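Visitor: Here is my input; please provide its structure:
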Amino acid sequence: LQQEDLPLIQLLKRAEFFVVSNIRRRFVFGEPGMQRREIPEIPREAVREAVANALCHRDYTTGTAVEVNVYMDFVEVVSPGLFPEGDAPENHLAGGDGGLKQRNPGIVQALFRSGTIEQYGTGIPRIKRYCDVEGVKFSYRQTANTTAIRFDRPGAQVSIEGNASMPKHIGAAKYEILDEAERIAITLATERGRVTRRELSETAGIGK
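Guide: Next comes the predicted model:
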C-alpha cells in the first residue's frame with residue numbers, strides 16, 4: 001500500500017513504475033546492441049494512458065484519490081468521478097470525442113504540451129489498440145461515483161479444461177498455490193455452498 005502526493009507528471013511516472021514493477025515481464029535477447037529488452041505483460045503505453053486519463057479527467061471536487069491497484073489476476077486504475085454528462089466510454093470507442101467536454105481543461109493542456117497525452121478523446125481507443133496488439137483483455141466500468149479501467153493479466157489467465165476438479169471461478173494462478181486441504185475445502189464449498197471443519201477433516205484426512 002503506497003500513498004503518493006507529487007506534482008502531476010512525477011505522479012504519473014511513479015504510478016506507471018509501480019504497475020510495471022509489480023507485474024510479470026518477459027525478456028527478449030539478441031536484438032541490436034545485444035541488450036535484453038523487458039516487455040511487461042500489460043503494455044506500458046496502455047498503463048501510462050490509463051493513469052494519465054485518470055489524473056487528467058478525474059473529479060477533483062470529491063477529495064478522494066486516484067487508485068492504482070495490482071492484483072494477482074488483473075490491474076485496475078480507478079478514477080474519482082464519472083464521464084461528463086452526455087459522454088461515455090462507448091462514445092470514444094466508437095470514434096467519437098464526447099463533444100470535447102473537458103472537466104479540467106488546464107490539466108489537459110499541460111499534459112498535452114508535455115507530450116504525455118495526445119488529442120482529447122483518443123485515450124480509450126489508444127488503450128484498446130495497445131491491448132489488442134498484445135492480446136490483453138481490456139474493460140471498463142462505472143460505479144455511482146468512479147470510473148475504472150481494468151487490464152486482465154495474461155499470465156494469470158486460466159484454462160480449466162485440463163483440471164476437472166478445479167472450480168471454474170478459481171484462477172489457475174491462485175489454485176496452484178493452495179495445498180491439497182485448501183483445494184478440497186474450496187471444492188466442497190463450491191459444491192455445497194459451505195463446508196464445516198468436521199467435513200473438511202474427514203474428507204481431507206487431517207485433524208480439525
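Visitor: how about the residue sitting nearest the centre point of the chain, secondary structure?
Guide: In the chain, the C-alpha nearest the mean C-alpha coordinate belongs to residue 75, at 2.2 Å (CA atoms, centre = their mean). Following DSSP: H, G, I helix; E, B strand; the rest coil, residue 75 is assigned to strand.
Visitor: Kindly report the same for residue 27.
Guide: Going by three-state DSSP: residue 27 is strand.
Visitor: Provide the backbone phi and psi angles at the residue lying closest to residue 28 once chain neighbours are set aside.
Guide: Using CB to CB, 6 or more residues apart in numbering and skipping the chain neighbours, the partner closest in space to residue 28 is residue 37 (4.4 Å). Glycine gets a C-beta too; all of them are placed from N, C-alpha and C. Main-chain dihedrals, residue 37, degrees, to the nearest 10: phi -120, psi 130.
Visitor: before we move on, what about the one 10 residues further on?
Guide: With angles defined as degrees, to the nearest 10, residue 47 sits at phi -60, psi -50.
Visitor: What about it, how many residues nearby?
Guide: 25 (other CB atoms under 10 Å).
Visitor: so who does it touch?
Guide: 16, 19, 20, 40, 75, 77, 151 (CB atoms under 8 Å, 6 or more residues apart in numbering).
Visitor: How about residue 148?
Guide: By CB under 8 Å, 6+ apart, the neighbours of residue 148 are 76, 77, 78, 79, 140, 141, 142.
Visitor: try 10 Å
Guide: 50, 54, 67, 69, 76, 77, 78, 79, 139, 140, 141, 142 (CB atoms under 10 Å, 6 or more residues apart in numbering).
Visitor: Considering these, which member attains the minimum pLDDT?
Guide: Checked by pLDDT, the contacts of residue 148 have residue 142 as the lowest-scoring entry (81).
Visitor: Strands of this structure, start to end?
Guide: Applying DSSP state E to the chain gives strands spanning 25-28, 37-40, 67-70, 74-80, 138-142, 146-152.
Visitor: any chance of those strands in TSV, with distance to residue 178 too?
Guide: Listed next are the strands of the chain as TSV, based on distance: least, CB to CB, whole Å:
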stretch	distance to residue 178
strand 25-28	25
strand 37-40	27
strand 67-70	21
strand 74-80	19
strand 138-142	27
strand 146-152	21
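Visitor: burial measure for residue 129, as a count.
Guide: Using other CB under 10 Å, the number of residues around residue 129 comes to 15.
Visitor: same deal with the one 3 residues further on?
Guide: Counted with other CB under 10 Å, the neighbours of residue 132 add up to 13.
Visitor: Please report how far it lies from residue 64.
Guide: Counting by CB to CB, to the nearest Å, the gap from residue 132 to residue 64 is 31 Å.
Visitor: Next: residue 52.
Guide: Counting by CB to CB - residue 52 and residue 64 are separated by 18 Å.
Visitor: Over to residue 56?
Guide: 16 Å.
Visitor: Comparing those two, which residue is more hemmed in?
Guide: Higher neighbour count among residue 56 and residue 64: residue 56, with 23 against 15, using other CB under 10 Å.
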